[in-house]
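> task: produce atomic coordinates for the following.
(one chain, ligands or ions: 2)
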Amino acid sequence: MSFALQTRGLKRRFGAFIATDDVSLKVNQGARHALIGPNGAGKTTLINLLTGVIPPSGGEIFLEGENVTQTLPYRRVQKGLARTFQINQLFTPFTPLESISLAICERDGGGNAWKPLTQYSHVIDEAAELLTRFGLGSVMGVRSSVLPYGKQRLLELALAFASRPKVLLLDEPAAGVPEDERHEVLDIVSALPSEVTVVLIEHDMDLVFSFADRITVLVAGAIFAEGTVEEIARDPRVKSVYLGENA
Ligand code: ADP
Ligand code: MG
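Ligands and ions are numbered 1, 2, ... in the order given. Presented below is the predicted three-dimensional model:
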């Protein structure tokens with residue numbers, strides 16, 4: 001069986017600085033896989049390499065067994081890889097309904113073909129259904145720029161999901177979200193359909209331990225520890241990394 005996502009000896013340098021140091025990662029099909037580590041450990045860089053936003057300095061990336069190391073980012077999306085960003089990247093003049101409808105047209109390759117508007121009713125239906133599932137049903141006609149930040153993060157999640165991903169990469173989906181909106185974002189992340197493989201970067205250890213089935217710990221660009229939640233929770237070396245950061 002192939003892994004949903006796998007890297008072999010992945011490396012990324014920025015000048016003399018090594019941001020990704022020989023990372024060989026294996027993400028099981030349908031996994032809830034958490035990627036944790038101190039600030040600057042290289043978590044976002046790894047996501048950028050996986051999605052093709054930046055090229056690696058060495059190594060290989062496999063999506064469902066297929067080597068995608070040289071594949072363009074939009075082709076990786078078409079092959080089932082989607083992500084959200086640590087800092088949100090919404091096009092805010094649009095409403096959620098407009099944003100999601102466009103994403104669905106893009107996915108179906110029909111966005112550039114002129115058709116009577118009535119032929120798009122299935123797009124609107126699917127968009128509305130998706131928005132409801134992501135807690136945005138009551139605000140789907142509101143300009144995104146005026147949405148509470150938690151709702152903006154949920155819209156980003158819904159946008160990633162609109163591509164019908166097999167593998168979803170979430171870079172701190174609740175980052176910057178005020179305390180009273182956090183639980184809604186985290187509940188929706190926890191309730192993502194089980195057939196979708198999810199890789200989650202998150203600092204809240206309570207959430208990581210309740211969400212994940214496997215955890216990879218990155219430190220200084222390299223894999224420091226990898227295992228089940230139980231293995232990582234009782235690993236004294238992992239504790240020392242986090243105690244060192246919090247001290
Ligand atoms: P994390 O997401 O784990 O906090 P990042 O992947 O954002 O860490 O960053 C890892 C390291 O790589 C940091 O030291 C950061 O300054 C560096 N880095 C990331 N992107 C670049 C870049 N484009 N140019 C130079 N250095 C970078
Ligand atoms: Mg980051």
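> around ligand 2, pick out the residues from the protein.
Within the chain, the residues that sit near ligand 2 (CB under 5 Å from the ion) are 43, 44, 86. Yep, even glycine has a C-beta here, placed from its N, CA and C like the rest.
> out of those, which are close to ligand 1?
Residues of these in contact with ligand 1 (CB under 6 Å from any ligand atom): 43, 44.
> if you rank the residues of the chain next to ligand 2 by neighbours, which is first?
Of all the residues of the chain next to ligand 2, the highest neighbour tally under other CB atoms under 10 Å goes to residue 43, namely 24 neighbours.
> next, give phi and psi for that one.
For residue 43, the backbone dihedrals (degrees, to the nearest 10) come out as phi -70, psi -50.
> what strands line up against the top strand by length along the chain, and which way round?
Ordering each strand of the chain by length in residues (DSSP state E) puts strand 5-14 first. Applying DSSP bridges to the sheet, strand 5-14 is found paired with strand 17-23 (antiparallel), strand 26-27 (antiparallel), strand 58-63 (antiparallel).
> what sits up against the longest one?
By CB atoms under 8 Å, 6 or more residues apart in numbering, the surrounding residues in contact with strand 17-23 are 7, 9-13, 42, 45-46, 49, 56-57, 59, 218, 220-223.
> one more pass at 7 Å, please.
With contacts defined as CB atoms under 7 Å, 6 or more residues apart in numbering, strand 17-23 is touched by 7, 9-13, 42, 45-46, 49, 220-223.
> can you name the helix or strand that the residue of the chain at minimum distance from ligand 2 falls in?
In the chain, the residue that lies nearest ligand 2 is residue 44 (3.2 Å; CB to the ion). Residue 44 is located in helix 43-51, with elements delineated by DSSP states H and E.
> what distance separates that helix from the middle of the whole chain?
Put simply, helix 43-51 sits 10 Å off its chain's centre (CA atoms, centre = their mean, to the nearest Å).
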